[in-house]
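Undergrad: what would the 3D arrangement of this be:
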Amino acid sequence: MILAKDDLRLGLILGFVGPLLGLLILHQWKFPDLRLIEFLNVFIQENRLITSIGSMSLLVNAALFTIYVNTHRDRTARGIFFITLVYGIGIILLKLFN
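TA: Predicted coordinates:
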């Protein structure tokens, strides 16, 4: 199975997709009355929501990272961690310059 591999590229892909999935789950759970594009506009425009929604969406990566570290697939975990840092820096920059 492809998810059982220990591969840096797999980690990068999972790390990229994880927060997007988290964002979609958060959208359906907390803001079901907004269309997705409206939700994304609120997320980007409301400075107070950037940190909370961004952090919640990164929880998916925290779970993935924990799973891959605990199963000793360190290359995949490294990729997830790297992309999580990129997302985190992006969230901080969005918050600072918004």
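Undergrad: count of neighbours near residue 15?
TA: 26 (other C-beta atoms under 10 Å). Yep, even glycine has a C-beta here, placed from its N, CA and C like the rest.
Undergrad: check residue 22 too.
TA: For residue 22, using other C-beta under 10 Å, the count is 21.
Undergrad: ok now stretch 70-78, how far from the chain's centre?
TA: Stretch 70-78 sits 17 Å away from the centroid of its parent chain (C-alpha atoms, centre = their mean, to the nearest Å).
Undergrad: try stretch 25-34
TA: Mean-position distance between stretch 25-34 and its chain equals 16 Å (C-alpha atoms, centre = their mean).
Undergrad: buried sites along that stretch?
TA: Within stretch 25-34, the residues that count as buried by 16 or more other C-beta atoms under 10 Å are 26, 27, 31.
Undergrad: same question for stretch 5-15.
TA: 10, 11, 12, 13, 14, 15.
Undergrad: among those, name the ones in helices.
TA: Using DSSP state H, the subset of the buried residues of stretch 5-15 located in helices is 10, 11, 12, 13, 14, 15.
Undergrad: against residue 44, how distant is the fourth one?
TA: What that stands for is residue 13. Residue 13 is 24 Å from residue 44, where distance means C-beta to C-beta, to the nearest Å.
Undergrad: again with the third one
TA: Using C-beta to C-beta, residue 12 is found at 24 Å from residue 44.
Undergrad: coming back round to it: for the buried residues of stretch 25-34, give me a markdown table that also has secondary structure and pLDDT.
TA: Below are the buried residues of stretch 25-34 laid out as a markdown table (DSSP: H, G, I helix; E, B strand; the rest coil; pLDDT from 0 to 100):
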| residue | secondary structure | pLDDT |
| --- | --- | --- |
| 26 | helix | 91 |
| 27 | helix | 92 |
| 31 | coil | 90 |
